[in-house]
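Asker: Model the structure of this input:
(one chain, ligands or ions: 1)
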Amino acid sequence: MAQTDSKHLLIVYHSQSGRNESLAYAAYRAACEAEPDMDVRLLRAAEAGTRDLAWCDGVLLFFPENFGAIAGGMKDFFDRSFYPAIDRQIHLPYGVFICTGNDGSNALQQFERIARGYLWRCVSEPIVTAGAPGSEVMVQAEELGAAFATGLKMGVF
Ligand SMILES: Cc1cc2nc3c(=O)[nH]c(=O)nc-3n(C[C@H](O)[C@H](O)[C@H](O)COP(=O)(O)O)c2cc1C
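Answerer: Next comes the predicted model:
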């Protein structure tokens, strides 16, 4: 948990062809707009680590499914941070958004198993979408970012 009064929101994404990146950015912009005083950090999974998890009060994750699994770049973030986060008892509320080609069920199943290992709490319905995100999907990402930020600010998670 962050040590200051203001809440910290971390958004971590992995994206190869830009879809999940654009959704993460949409969530980031909406979170900043909904809670202008909140410190919101948007990071590629490759740049994120345990220190970022330790800094935040809640985390939003965006990534694709590749080969019926969590995309490797996101998996690497979990691989690197899992035991350090457990050791430091970083137990976070989370939201997850998976923008895939046509499925996503295995990636979500794997992620939920990993999240249980971290002792993270799912506080919003996981979102799985297929194909290039249209305006409705972008709005879903915005709503997730705004609602998650407001929930954190209000201390409901
Ligand atoms: C190597 C590779 C494997 C993929 N495997 C799957 C898959 O198993 N299931 C699926 O739904 N989509 C699969 N896809 C499609 C991506 O998940 C999809 O294009 C996604 O929206 C890409 O997100 P990004 O633009 O953020 O990288 C695969 C894409 C690549 C490049």
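
Asker: So in this protein, which helix runs the longest?
Answerer: Taking DSSP state H as the criterion, the chain has its longest helix at helix 135-154.

Asker: Quick one: list the elements packing against that one.
Answerer: The contact analysis (3 or more CB pairs under 8 Å, 6 or more residues apart in numbering; DSSP states H and E) places helix 135-154 against strand 8-13, helix 19-34, strand 58-63, strand 93-100, strand 127-130. (C-beta placed from N, C-alpha, C; glycine too.)

Asker: Would you indicate which residues of that helix are buried?
Answerer: Buried residues in helix 135-154, counted by 16 or more other CB atoms under 10 Å: 137-138, 140-149, 151-153.

Asker: Now do that helix: everything it contacts.
Answerer: Helix 135-154 is contacted from outside by 7, 9, 11, 22-24, 26-35, 37-38, 40, 57-58, 60, 62, 93, 95, 97, 99, 123-124, 127, 129, 133, 157, using CB atoms under 8 Å, 6 or more residues apart in numbering.

Asker: do that helix and the ligand meet?
Answerer: No. If you take CB under 6 Å from any ligand atom as the test, helix 135-154 misses the ligand, and the best it gets is 10.4 Å.

Asker: C-alpha coordinates for that helix, PDB please?
Answerer: Only the C-alpha atoms of helix 135-154 are listed here, as PDB (Å, rounded to 0.1, in the frame of the first residue of the first chain):
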ATOM      1  CA  SER A 135     -15.600   2.900 -30.100                       C
ATOM      2  CA  GLU A 136     -17.800   0.700 -27.800                       C
ATOM      3  CA  VAL A 137     -14.800  -1.200 -26.600                       C
ATOM      4  CA  MET A 138     -12.800   2.000 -26.100                       C
ATOM      5  CA  VAL A 139     -15.700   3.300 -23.900                       C
ATOM      6  CA  GLN A 140     -15.500   0.000 -21.900                       C
ATOM      7  CA  ALA A 141     -11.800   0.800 -21.200                       C
ATOM      8  CA  GLU A 142     -12.600   4.400 -20.300                       C
ATOM      9  CA  GLU A 143     -15.300   3.300 -18.000                       C
ATOM     10  CA  LEU A 144     -13.000   0.800 -16.300                       C
ATOM     11  CA  GLY A 145     -10.300   3.400 -15.800                       C
ATOM     12  CA  ALA A 146     -12.700   6.000 -14.400                       C
ATOM     13  CA  ALA A 147     -14.700   3.600 -12.200                       C
ATOM     14  CA  PHE A 148     -11.500   2.000 -10.800                       C
ATOM     15  CA  ALA A 149      -9.900   5.300 -10.000                       C
ATOM     16  CA  THR A 150     -13.100   6.600  -8.300                       C
ATOM     17  CA  GLY A 151     -13.400   3.300  -6.400                       C
ATOM     18  CA  LEU A 152      -9.900   3.600  -5.200                       C
ATOM     19  CA  LYS A 153     -10.300   7.300  -4.200                       C
ATOM     20  CA  MET A 154     -13.500   6.500  -2.200                       C
END
